[in-house]
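Chemist: only geometry, no sequence info:
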C-alpha cells in the first residue's frame, strides 16, 4: 500500500463524518423535548427559562446554531453541557477510557474465542461439536444483551460470588498498583465477556465458512499430500487465508460494540460513554450527544479504514493503488 | 466419541448445578444478624433500634441511580446532583421527619410584620470545609447570586416574593417580602436552599466554577473524590457544628443506573443503601431480616406526591363537570393502590396530601367507585351508549353529534401500569382511551407547552406546604407554558383568592380553614382527579441504621458489622 492511497482515504473520511454529524444535529433539532424544560424539572418560571435559553443560545435560528457548532467543533470546542456546565469534550474524555477498555477487551476476547470456535467447528464440520458451537454462539447472538447481562450478574456475581456486581473499581480499592490492576480486571471480566458473547457468533461463523472452503482447495490437498500434520495444515496454511473476512468485519463490529457497550455499561454500572449517552438523551443534552456522535462515527469510520489497510497485510493477494 | 463428549458435558452441567445449589444457600445470608432488632413500616422515622447505641467509624456504601454531573446543589434541582451532594452542605433551617422547621445554620428566627419580615440569627461556630468561618455574607451571596438565579424552584417561589435579603451583621440575615409570605421556613432546607461559600464562588459563573467538582461546604461530610459515572467519596467532617456527628468515617456513593443491578448489588453486599426498589422486590426485602426498610413521603421527585389525573379543560368534552364526575366514578382508586403500588401508599382522600397535616382536607365528598352511576351520568350528559360498548355524543355542547367518547391519556413510560388500569376501568363504562407514553422532556412539551392532550397522569408532589406544590396546579395565572403547573388549565376566581389568602396567613389554624374551603370547591368541580398518595422506600442492610429519609440521610447513621 502506498502513502498516496492512505492520504486519499483519510481525506474521504471528512465528508462522511461531517455528514453523520449533520444528520445527528438535525435529528436533535427535530426531536421533541426541550433541554431547558428537562433541566428545570418540576419547577421554574418564564424568567428562568428565558435566562437559561439565552445562556445556551437556544433561541437562535437553526442555521445559526449549526454554524456556531460547526465552527467551534473544528477548533475542538464541542460546547458546554447543558446539565453539567462543563465542556462536553472534557466530560466525554473522562469516560472514553472506560469504554475503550471495555469495547477493546470484548473485541479481543470475541475474536480469539470466535476464531478458535470457528476452527473447531470447521474441523469437525457436521459433527456434534460443530452443532454445539453453532447453537451456543447463535443463541448468545440472538439473546438481548441486557438479558444476558442480568443473567450473568445473577448467576456469576450474586449466586457464585465470583465477580463484583457493578462498577470499575471496589468501594475500598487495594493499596498497591498491582492490586488495583487486578481489581480492575476483576471488575472488567464479566461485562467484557457479556459484550464479547454477542460477537462470537459472527467471528466463528465467518471463520468456519472460510476454513471449510479453504480445506477443500487444491493447495490444502497438496499440503496434506506432502504429509504435513493436520494442525499445521489448518493453522499455518488454511486459516490465514480464511481470516480475511473476519478482519473485514472488525470495522463493522466496532459500531456494534459501541452500541452493545451502551447496554452493558448500564447493566454493570460501567462508567463509560454509553451511560453518558443515555443520560444525555434523557436530558436532551445536545453538546454531549453531538460530541459522542462525532467521536463514535469517527471511530467507526477510522476502524473501517484500518481494516481495509490491514486486509492487505493479512492477505498478500490484495494490493492497493 | 461424540457419545462420550455428551456424557462429559452432562456431568459438567450436573456439577455446575450442584455448585449453584450450595452457594445459593449460603449467599442468602448476606449480612449476619448481629443482634439488632428491626421494626418496620411505622411512620417516617428510622426503623432500626440498637441496644448498644451508635458506633463510630466505618464506611457506608450507597447506590445512586445517576451521575450527578457536578456537586453544587445550589444551581440545580436535579435529583441526581442533590442526592450526591446534600451531605456536603447545609440550609438555614432543616425539616424534622414530621416536616417541622428545626435549626440548621440558623439557630433562631423571628417573624415580624405579620410574616413580611424574617430575621435569622446564625450560628457563630460554623466553618467551611477549608477552614474559613461561615458568616451572614455567605447566606446573602448564596441567595442573591446563586439560588435566586439558578435553583429553578427557589427562584420561582422565594424569588418572586422577596423584596430584599440583607446582612446587618455577621450573624444576622433579614428577608423582607413584598407581601406576608407564610411558607419560607419550609423552603430553606439543604434541598431548597443549600448555602454555598461566598469566598469560593464570588466573581465567578457559579455554573462553571471548579468548586462544583471539588465542593467546599459546611455539611457533616467533606469531599474526597469524584469519578464521573463511577463513584463519589466523602469523609467525616471532624469540625461539624453538630457535636458528635457524624458517626461514619466515610460515605461512598456508587453510580448504578439500573434498578435490577442495584438490587443485586445490595444482595451481594456490595452496597448498603438503596434510595428505592421496584415494587415486586419490595415485598421480598420487607420479609427479610437482613434488611431494614425506611418508609417515607419523600420521593425522588419531591415530597408528598399524589398521582393525579388531569382533564384538559380546553377540550369541549371535559368542560361539563358532570362528565368529569362520571369518569371519576368509573375509577377504582383502591385497585390502583393494590395493583399498581402493591399497597405501598394510600388512596387519595383530598386534593392536598395527608402529609401536610394542617392543610389536608377532611370529610370531603370524593367521588366513590360506582361504574353504574358513571354510565348513567354519561348517558345523561349526552354520551349515549351505542349498544356495542362504546359511546357517542348526542347534543353535547361544542361536540359534533356522533363523535365517539374517545380520548388519549399521556403518561411517563414509568407510569404505564397506571395507564393500563385507567384504560380498562374507563373502557368498562364505554370510554375509549388511547395510552400515549412519553419520555419526560417530551411529555412536558406536549402537555404544558403545546397543550396537545385530552387527559394525563402526573405525580404532583405537594411538598411540605400548599404554596410549594399545590397552588401551582390550580391558579389561573399558571395557565401558561410552565412545566408541572396548571395542567388542566383550571380557572376559578374564588380558588385564586383563597390561595392568595392562604399564602399571606401565618396563623396555622386560620390557614387550615382556608385550605379546607378550597378543597371543598376543588372536589365539587373536579378539574383533576386525585388517585393515590405514593410513598418512597429506602432499603438498607440491617447492620447499618440511624438514617433519615432525605437530605442529610446519613448524618446520624452508623454501621455495626
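Modeler: Perfect, I can see it now. Since this is a predicted model, take the numbers as computed values, not measurements.

Chemist: for the residue lying closest to residue B:123 once chain neighbours are set aside, helix, strand, or coil?
Modeler: Computed as CB to CB, 6 or more residues apart in numbering or on different chains, the closest residue to residue B:123 that is not its neighbour in sequence is residue B:107, at 5.0 Å. Quick note: C-beta positions are derived from backbone N, CA and C, even for glycine. State at residue B:107, reduced to three classes by DSSP: H, G, I helix; E, B strand; the rest coil: strand.

Chemist: just give me the neighbour total for the closest residue to chain B within the stretch 1-150 of chain A.
Modeler: Nearest to chain B, among the residues of the stretch 1-150 of chain A, is residue A:33, at 3.2 Å (CB to the nearest CB). Residue A:33: 20 surrounding residues under other CB atoms under 10 Å in any protein chain shown.

Chemist: ok, now residue A:206?
Modeler: Neighbours of residue A:206 under the rule other CB under 10 Å: 21.

Chemist: list the contacts for the residue of the stretch 301-450 of chain B found nearest chain A?
Modeler: Scanning the stretch 301-450 of chain B for the residue nearest chain A gives residue B:441, at 3.2 Å (criterion: CB to the nearest CB). Shown in contact with residue B:441 (CB atoms under 8 Å, 6 or more residues apart in numbering or on different chains): A:32, A:33, A:34, A:35, A:37, A:38, A:282, A:283, A:284.

Chemist: filter those down to the buried ones and express that as a ChimeraX selection.
Modeler: Selecting only the buried entries of those in ChimeraX, with 16 or more other CB atoms under 10 Å in any protein chain shown as the criterion:
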select /A:33,34,35,37,38,283,284
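
Chemist: of the contacts of residue B:441, which is the nearest to residue A:298?
Modeler: Nearest to residue A:298 out of those is residue A:284 (CB to CB; 22.8 Å).

Chemist: pretty sure that closest one sits against residue A:29.
Modeler: No: in this structure, residue A:284 is not within contact of residue A:29 by CB atoms under 8 Å, at 10.7 Å.

Chemist: need the contact partners of the helix or strand of chain A with the lowest mean pLDDT.
Modeler: Ranked by mean pLDDT, DSSP states H and E, the helix or strand of chain A with the weakest confidence is helix A:35-40, at a mean of 73. Residues from elsewhere that reach helix A:35-40, judged by CB under 8 Å, 6+ apart: A:48-49, A:52-53, A:56, A:58, A:82-83, A:282-286, B:76-78, B:152, B:440-441, B:444-445, B:448-449, B:483.

Chemist: now intersect the residues you listed with the strands, please.
Modeler: For the contacts of helix A:35-40, not one is inside strands, with DSSP state E as the criterion.

Chemist: just the buried ones out of those, please.
Modeler: Buried among the contacts of helix A:35-40 (16+ other CB under 10 Å): A:48-49, A:52, A:56, A:82-83, A:283-286, B:76-78, B:152, B:440-441, B:444-445, B:448, B:483.

Chemist: list the contacts for residue B:239?
Modeler: Neighbours of residue B:239 in contact, by CB under 8 Å, 6+ apart: residue B:127.

Chemist: which secondary structure state is assigned to it?
Modeler: Per three-state DSSP, the local secondary structure of residue B:239 is coil.

Chemist: give me the distance between it and chain A.
Modeler: Distance, residue B:239 to chain A, by CB to the nearest CB, to the nearest Å: 25 Å.

Chemist: rewinding a little: and the least confident helix or strand of chain A, how far out from the chain middle?
Modeler: Its chain's C-alpha centre and that of helix A:35-40 lie 30 Å apart, by CA atoms, centre = their mean, to the nearest Å.

Chemist: again with stretch A:11-23
Modeler: For stretch A:11-23 - counting by CA atoms, centre = their mean - the centre lies 19 Å from the chain centre.

Chemist: which positions in that stretch come out as buried?
Modeler: A:17, A:20, A:21.

Chemist: stretch B:520-527 too?
Modeler: Of all the residues in stretch B:520-527, those buried under the rule 16+ other CB under 10 Å are B:520, B:522, B:523, B:525, B:526, B:527.

Chemist: ok, residue A:295 - how many residues close by?
Modeler: By the criterion of other CB under 10 Å, residue A:295 has 19 neighbours.

Chemist: check residue B:292 too.
Modeler: Residue B:292: 24 neighbours (other CB under 10 Å).

Chemist: tell me which element it falls in.
Modeler: strand B:291-296 (DSSP states H and E).

Chemist: quick one: list the elements packing against that strand.
Modeler: Where contact means 3 or more CB pairs under 8 Å, 6 or more residues apart in numbering or on different chains; DSSP states H and E, strand B:291-296 is packed against helix B:279-286, strand B:536-541.

Chemist: least reliable of these going by mean pLDDT?
Modeler: Sorting these by mean pLDDT places helix B:279-286 lowest, at a mean of 82.

Chemist: which other residues reach it?
Modeler: The contact list for helix B:279-286, computed with CB under 8 Å, 6+ apart, reads B:40, B:41, B:263, B:277, B:291, B:293, B:341, B:342, B:344, B:537, B:539.

Chemist: now stretch B:378-388
Modeler: B:320, B:322-323, B:326, B:375, B:391-396, B:405, B:429-431.

Chemist: if we use 7 Å, what do you get?
Modeler: Residues from elsewhere that reach stretch B:378-388 (CB atoms under 7 Å, 6 or more residues apart in numbering or on different chains): B:320, B:322-323, B:326, B:391-396, B:405, B:429-430.

Chemist: still on that earlier bit, any idea how many residues pack against the residue nearest to residue B:123?
Modeler: Around residue B:107 there are 16 residues (other CB under 10 Å).

Chemist: ok, residue B:92 touching residue B:121?
Modeler: No: the criterion here is CB atoms under 7 Å, and residue B:92 misses it with residue B:121 at 10.2 Å.

Chemist: settle it for me: which of those two has more neighbours?
Modeler: For residue B:92 versus residue B:121, the count of surrounding residues by other CB under 10 Å is larger for residue B:92: 29 against 15.

Chemist: list the contacts for that one?
Modeler: Contacts of residue B:92 (CB under 7 Å, 6+ apart): B:104, B:105, B:106, B:120, B:139, B:188, B:193, B:195.

Chemist: residues of the stretch 51-200 of chain B that sit close to chain A?
Modeler: Taking CB under 7 Å from any CB of the partner chain as the contact definition, the stretch 51-200 of chain B meets chain A at B:59, B:61, B:66-67, B:69-70, B:77-78, B:152-153, B:155-156, B:160.

Chemist: go again with 6 Å.
Modeler: Residues of the stretch 51-200 of chain B lying close to chain A (CB under 6 Å from any CB of the partner chain) are B:61, B:66, B:69, B:70, B:77, B:152, B:153, B:155, B:156.

Chemist: including pLDDT, could these go into TSV?
Modeler: Output for these, formatted as TSV (pLDDT from 0 to 100):
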residue	pLDDT
B:61	94
B:66	83
B:69	84
B:70	87
B:77	77
B:152	75
B:153	76
B:155	79
B:156	75
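
Chemist: return the subset of those residues lying in helices.
Modeler: Under the assignment DSSP state H, these contribute B:152, B:153, B:155, B:156 to helices.

Chemist: tell me the domain ranges of the chain?
Modeler: Since you didn't name a chain, this refers to chain A. A:3-74, A:93-314 (automatic domain parsing).

Chemist: the intended chain is chain B.
Modeler: Using automatic domain parsing, the domains assigned to chain B come out as B:1-25+B:74-80+B:87-211, B:31-65+B:220-297+B:535-561, B:302-534.
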